[in-house]
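In: Generate coordinates for the sequence data below:
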Amino acid sequence: MTTYAAIADLPLEVEGYSLEVRALQLAPESRRLTTVIPLHGGGHEGVGEDVCYEPAEHETQAAAGAVLPLAGSFTFDGFSRHLDGLDLFHAGAAAREASIDYRRWAFESAALDLALRQAGRSLAEVLQARLSPVRFVVSTRLDEPGSDAAPSAERVRRWLRRDPGLRFKLDPTDDWSHEMIRELAGLEAVDVMDMKGQYDEVPFGVPLDPHTYQEIIASFPHALIEDPRLTPELRATLEGHEDRVTWDAPIHSVDDITGRDWAPKVVNMKPSRFGPISRLFAAYDHLRANGIGAYSGGQTELGPGRGQVQYLASLFHPDAPNDIAPSGYNEPEPPEALPSSPLPVSATPTGFRWEM
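Out: So this is what the prediction gives:
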C-alpha cells in the first residue's frame, strides 16, 4: 500500500471554513502574513496554514471571506479532487505558481486534520508509523539586510551561549571574510550551507564567486550544500562533492527529484511546496524506495503549519538537520525560554496536529 492510499478513503464531512490572518513584524521593512484555515464539520475542526509570501494574497482572501464551495460529504481523496476544480485565488491576487501549491497545502492539511479527528484517529496511527523526537537546526543569515556592517559570527555565538547544543543552517554570501569562515568552522556547529542559488530572485545577497563556493565546501566538509547555482564556473567547484549537494527550491514532485542533473543523496522536503498531499506522499514513497535521505524546511509559519511540518519530520526523518525550529526562533527578539533540540513527541491523540 502506498502512503497516500492509507488516508485516501478517510470519510470527511465539511460544513464550512473560516480564515484567520496572522502577522509578525520580522524587520522594519518586512511583515510576514499567513492565514490559518479552520475547516469545520460534524462537531470537529481541522486546521491548516496558508504560507503564501505576498501579503496581498492574504489580504484579498480575507476581504472576500470564506466563499469557496467546500461543504459536502467526501473521502479525503474526493475532497482533494474537488479542490482541483476550484479557483483558490478567486479573490484576485496575482498568484504565482508556488503560491498555488502553498494554498492547496493549507486546505488539504486542514482537511486531513478534520478527517482524522472525525475518525478519532491520529495520522501516525493511520500510517502505522512510529513518531520520534525531532532534531532541528536554527536557520539564520549573518549579514543585516540594508546594513553596511560586515557579516559576523556573533549571531551564531550568541545562540550558542544560550544553548551550546544548537546546530545551524547558514546562508553564505560573497562578503564572508576568510577570518569569519575559519571562526565558524571552528565552532563545529553547521549542518547545512544554503547557497540560495535556485531562486529566480531573492531580496538579499547570494554567493556567486567560485572562490566562495570553494572555501565553503573545504571549510565545512560535513555540511550539506543546499541549492547551489550550476553555472559552469560554480558547477566545477562541486566536482567530487556531489553527494553533499541537496535541493530545496526546485523540489515540488517526484519528477523534480528524478530530474536533477545527478541523483541526489538527500533532499529538502518542504510539504507546502508540494501542494496536494498525494504528491507529497508519493515523493516520500520514492525516497524510501530509492534510499534517498530527507530533511524538512519551514516557511516562517506563524500558526499550526509549523507543527504539522514537525509532525511529518517526526514520522519520516526525525534525526535529520530539519530547518523547522519552533517559531520563537524566527522572532526578532526571541523569547528567553525556547525548546532545545530534539523536540519531544507532541502529536495530539487524534488528527494531524503537533502541540506547539
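In: Partner strands of the helix or strand of the chain with the lowest mean pLDDT and their direction?
Out: Every helix and strand of the chain was ranked by mean pLDDT, DSSP states H and E. The lowest is strand 20-27, at a mean of 90. Using DSSP bridges, the strands paired with strand 20-27 are strand 30-41 (antiparallel).
In: Let's see the least confident helix or strand of the chain as PDB, backbone CA atoms only.
Out: The C-alpha coordinates for strand 20-27 follow below in PDB (Å, rounded to 0.1, in the frame of the first residue of the first chain):
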ATOM      1  CA  GLU A  20      -7.700  33.800  10.400                       C
ATOM      2  CA  VAL A  21      -4.800  36.100   9.200                       C
ATOM      3  CA  ARG A  22      -1.700  36.200  11.400                       C
ATOM      4  CA  ALA A  23       1.100  38.700  11.300                       C
ATOM      5  CA  LEU A  24       4.700  39.000  12.500                       C
ATOM      6  CA  GLN A  25       6.900  42.100  12.000                       C
ATOM      7  CA  LEU A  26      10.200  40.400  11.100                       C
ATOM      8  CA  ALA A  27      12.000  43.700  10.400                       C
END
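In: Contacts for that strand next, please.
Out: 31-38, 58-59, 62, 145, 300, 302-303, 330-332 (C-beta atoms under 8 Å, 6 or more residues apart in numbering). Backbone N, C-alpha and C define where each C-beta goes, glycine included.
In: Next secondary structure element downstream of the longest helix belonging to the chain?
Out: Secondary structure assigned by DSSP state H gives helix 97-119 as the longest helix of the chain. Using DSSP states H and E, the helix or strand that directly follows helix 97-119 along the chain is helix 123-127.
In: which parts of that following helix are buried?
Out: The neighbour-count check on helix 123-127 (16 or more other C-beta atoms under 10 Å) flags 123-124, 126 as buried.
In: Specify which member of those is nearest to residue 341.
Out: residue 124 (20.5 Å; C-beta to C-beta).
In: quick one: contacts for that closest one?
Out: Under the criterion of C-beta under 8 Å, 6+ apart, the neighbours of residue 124 are 130-131, 315, 347.
In: Narrow those to those that are buried.
Out: 131, 315, 347.
In: Including distance to residue 293 and secondary structure, could these go into TSV?
Out: Listed next are the buried ones among the contacts of residue 124 as TSV, based on distance: C-beta to C-beta, whole Å; DSSP: H, G, I helix; E, B strand; the rest coil:
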residue	distance to residue 293	secondary structure
131	19	coil
315	15	helix
347	23	strand
